[in-house]
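J.: kindly return the folded structure for what I paste below:
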Amino acid sequence: MWGILIALLSGALMSVQGVFNTEVTKQTSLWVSTGWVQFSAFLVCILAWLFTGRESIGTLWQVDNKYTLLGGVIGAFITVTVIQSMGSLGPAKAAMLIVVSQLAVAYLIELFGMFGVDKQPFEWRKILGMAVSIIGIIIFKWQK
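T.: Modelled structure (predicted):
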């Protein structure tokens, strides 16, 4: 149950953040806004680290698959693409497409066992679930 609540909170926070970031971008620029997002997130992480444990930063260099350290780089591009999609599509349409894309890529990662994730068997019901999501987007976007 806790995982479900955290996932719902995560989705809600992403939507609010996307709207905030899009508004800041309108008043500044794409890279100024994105830089601010990453910098302010960094400051929050430093404060959380100071107050919750202070594990050694050196352990980062002991991570087995060094490519996994690129999460922050990917995060910068996530911020940019969310800002651009919300700015051009609006929050609801952008969020729906983002979620379907996340779902499809996550399923492919599981299906092929990429990036150290345990490989999962193919299941038609998961494809059907994604298809229902895509149909939902079409219905949501449908105009008379």
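J.: pull up the gap between residue 74 and residue 129, please.
T.: 25 Å (C-beta to C-beta, to the nearest Å). (Each C-beta comes from the backbone N, C-alpha and C, glycine too.)
J.: these two: who's more crowded?
T.: Remark: of residue 74 and residue 129, residue 129 carries more neighbours, 13 against 9, as counted by other C-beta atoms under 10 Å.
J.: excluding its backbone neighbours, what's nearest the more buried one?
T.: residue 103 (7.9 Å; C-beta to C-beta, 6 or more residues apart in numbering).
J.: surely that neighbour touches residue 134?
T.: No. Judged on C-beta atoms under 8 Å, residue 103 makes no contact with residue 134 at a distance of 9.8 Å.
J.: how many neighbouring residues does residue 98 have?
T.: 20.
J.: just confirm it contacts residue 84, I think it does.
T.: No. Shown here, residue 98 and residue 84 do not form a contact pair, counting by C-beta under 8 Å, at 11.4 Å.
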